[in-house]
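> Please find the sequence and the predicted model below.
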Amino acid sequence: MDRAQLALLLGAPAGLVAEPRHGATVIKSGEPRRFMTEFAQAVAQGGVVMLASDTWGENEDRQLAGLREQEQITPATAAGKGWLCIPTGGTSGELKFARHDEETLAAAVRGFARHFGITQVNAVGVLPLHHVSGLMAWLRCALTGGEYRPLDWKEVEGGERPVLPPKPGGWVISLVPTQLERLLHDAAAVAWLKGFRIIFLGGAPAWPDLLDRAAALGLPLSLGYGMTETAAMVTALRPEEFLAGARNNGTALPHATVRVGAGDTIVIGGDSLFRGYHPAWRDRQEFETQDRGLLDERNHLFVLGRRDAVIITGGEKVDPVEIEALLRGTGQFPDLVVLGLPDAKWGQLLVVVYPGNAHPDFHAVIRVTNGLADYKRPKSYIPLVGAWPAGAQGKINRAALVERVVAQLKVRR
């Protein structure tokens, strides 16, 4: 499949002429149907295409403006590779774009279809299309001849859930853990979810209690592992494995290789790997992630957390994911993040930050944390003033949140 064929599969009108152009076409619509139309046309017309969020502020827009004019011409880019730039970011707050094209995207779709035994993907989309999880949900449908239905998450949460027509391959949906948590409190929503063939859960670590409740309800969850750099999932647990009690990220999809290198670092290879961070280019060598993991004797991946998120307090290393999962299981916090704040005594002070409008029962919280080692027990619980910063994928910019919490504490003093 070449780029012109991809454009037609996405619904672009025939006859649009691809031509070299300076700079990049930016797709920034928050309305799914408009985004899909603009994206299909941009694919057909050629040049670099950059996906963006309509919720970005001045800082992100400034970074985007600088990056869109920095395209570097290499033999590969001149041949039309790496033209699609999908936004990604880590804990630094710096906006980055991972470069993909029709080859990397098609490889990811083929691997997905083979892994789950689906010839025609039909998906309901509630995640933003500028994000790799939302984008790939649509592309899997387009490249396999299936149906994609974008829905507004707030409407779904509020009870507007369409009756989906029967399909030979069934329907799938992708959710982040906080979305699943909210739907589990509504019996009608649970009944709706039971109609899906697969419910993909990703974007952030899920806490054990959430997974156990979903399994008890018979929901066909698939836990996976992937990122923007890999065109979404490269490992996935099949629903039957989840319902049988497995709680890991599954085995590698056919188009990918996954191994654990030095320091428990997850290393990925395969045909869906990105071409580099715009405007740079990378060859097709393996990609060393910032995540730690292990593989069991059946090659199922267990993700242990991010290397760059480890908190060192009093000389002891603490993985915030472990503490977050424990605290989420108490049911006392609508959302939370465990952070390490700069501290003269401890090096980093272990604290829990949660939305300021929440009212947790700390007696219940303390009963749970008493089972932790002393150095793993949070020293403080901080209600965050103002809007909670979680994005549509449930991910938090930890570095930016530390700055915000430090500033809030200074004002209180």
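Sure thing, it's come through.
> Leu164 is in contact with Gly195, correct?
Yes. Using Cβ atoms under 8 Å, Gly195 makes contact with Leu164 at a distance of 6.5 Å. C-beta: built from backbone N, CA, C; applies to glycine.
> Spit out the contact partners of the closest residue to Arg33 other than its chain neighbours.
In space, and not counting its chain neighbours, Arg33 is closest to Pro150: 6.8 Å by Cβ to Cβ, 6 or more residues apart in numbering. By Cβ atoms under 8 Å, 6 or more residues apart in numbering, Pro150 lies in contact with Pro32, Arg33, Met36, Gly125, Val126, Leu129, Trp138.
> Going by neighbour count, which of these comes out on top?
Leu129 (27 neighbours; other Cβ atoms under 10 Å).
> Trp281 versus that residue, what's the distance?
In this view, Leu129 and Trp281 are 25 Å apart by Cβ to Cβ, to the nearest Å.
> same question, Ser174
Distance, Ser174 to Trp281, by Cβ to Cβ: 30 Å.
> again with Pro254
Counting by Cβ to Cβ, the gap from Pro254 to Trp281 is 26 Å.
> One more: Ala4?
Counting by Cβ to Cβ - Ala4 and Trp281 are separated by 23 Å.
> same question, Met1
22 Å.
> Which neighbouring elements make contact with the helix or strand encompassing Leu139?
Counting by DSSP states H and E, the element that carries Leu139 is helix 132-144. Packing contacts for helix 132-144, counted by 3 or more Cβ pairs under 8 Å, 6 or more residues apart in numbering; DSSP states H and E, involve helix 3-9, strand 84-88, helix 102-116, strand 123-125, strand 148-150, strand 172-175, strand 232-236.
> ranking the ones you listed by burial, who's on top?
Across these, averaging neighbours per residue (mean count of other Cβ atoms under 10 Å) puts strand 232-236 on top, at a mean of 28.
> Who are the packing partners of that strand?
Applying 3+ Cβ pairs under 8 Å, 6+ apart, one finds that strand 232-236 contacts helix 102-116, helix 132-144, strand 221-227, strand 251-252, strand 256-260.
> hmm, back to that, give the residues shared as contacts by Gly195 and Leu164.
Both Gly195 and Leu164 are in contact with Trp171, where contact means Cβ under 8 Å, 6+ apart.
> So between Met1 and Trp281, which is more surrounded?
Trp281 (16 against 13).
> contacts for stretch 301-318?
Outside stretch 301-318, the residues that reach it (Cβ under 8 Å, 6+ apart) are 90-91, 205, 225, 235, 248-252, 258, 263-266, 290-296, 319-322, 338-340, 343, 346-350, 375-376, 398.
> which of those residues are buried?
By neighbour count, with 16 or more other Cβ atoms under 10 Å, the contacts of stretch 301-318 hold 90-91, 205, 225, 235, 248-252, 258, 266, 291-293, 295, 319-321, 338-340, 346, 348-350, 375-376, 398 as buried.
> Narrow those residues to those in strands?
Residues of the buried ones among the contacts of stretch 301-318 located in strands (DSSP state E): 225, 235, 251-252, 258, 266, 291-293, 295, 338-340, 348-350.
> May I have the strands that pair with the helix or strand containing Val49, each with its orientation?
Assigning secondary structure by DSSP H and E places Val49 in strand 48-51. Looking at strand 48-51 with DSSP bridges, its partner strands are strand 24-27 (parallel), strand 84-88 (parallel).
> JSON lines please, covering those strands and showing mean pLDDT.
Below are the strands paired with strand 48-51 laid out as JSON lines (pLDDT from 0 to 100):
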{"stretch": "strand 24-27", "mean pLDDT": "92"}
{"stretch": "strand 84-88", "mean pLDDT": "93"}
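> Export the ones you listed as TSV, with columns for distance to Val310.
Output for those, formatted as TSV (distance: least, Cβ to Cβ, whole Å):
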stretch	distance to Val310
strand 24-27	35
strand 84-88	21
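> Of those, which is nearest Leu273?
With Cβ to Cβ, the closest approach to Leu273 among the strands paired with strand 48-51 belongs to strand 84-88: 12.9 Å.
> ok and the helix holding Leu139 relative to strand 84-88, angle-wise?
150 degrees (axes from the mean of the first three to the mean of the last three Cα atoms, to 10 degrees).
> Can you give the contact residues for helix 132-144?
Here helix 132-144 has contacts from 1, 6, 9-11, 36, 51, 86, 88, 98, 105-106, 108-109, 112-113, 118-123, 125, 127-129, 146-148, 150, 172, 174, 202-203, 226-228, 231-232, 393, using Cβ under 8 Å, 6+ apart.
> Spit out the contact partners of Leu184.
For Leu184, the contact set (Cβ under 8 Å, 6+ apart) comprises Val190, Leu210, Arg213, Ala214, Leu217.
> Identify the residues contacting Phe97.
With contact set as Cβ under 8 Å, 6+ apart, Phe97 has these partners: Met50, Leu51, Leu67, Cys85, Ile86, Pro87, Thr88, Tyr277, His278.
> again but with Pro32, I slipped
Pro32 is in contact with Gly125, Leu129, Pro150, counting by Cβ under 8 Å, 6+ apart.
> now, among these, which is nearest to Gly15?
Closest approach to Gly15 among these (Cβ to Cβ): Leu129, at 24.6 Å.
> any idea how far the closest one lies from Glu102?
According to Cβ to Cβ, Leu129 and Glu102 sit 17 Å apart.
> Could you pull out the buried residues of whatever helix or strand Ala44 lives in?
Using DSSP H and E, Ala44 maps to helix 32-45. Buried residues in helix 32-45, defined by neighbour count with 16+ other Cβ under 10 Å: Pro32, Phe35, Met36, Thr37, Glu38, Phe39, Ala40, Gln41, Ala42, Val43, Ala44, Gln45.
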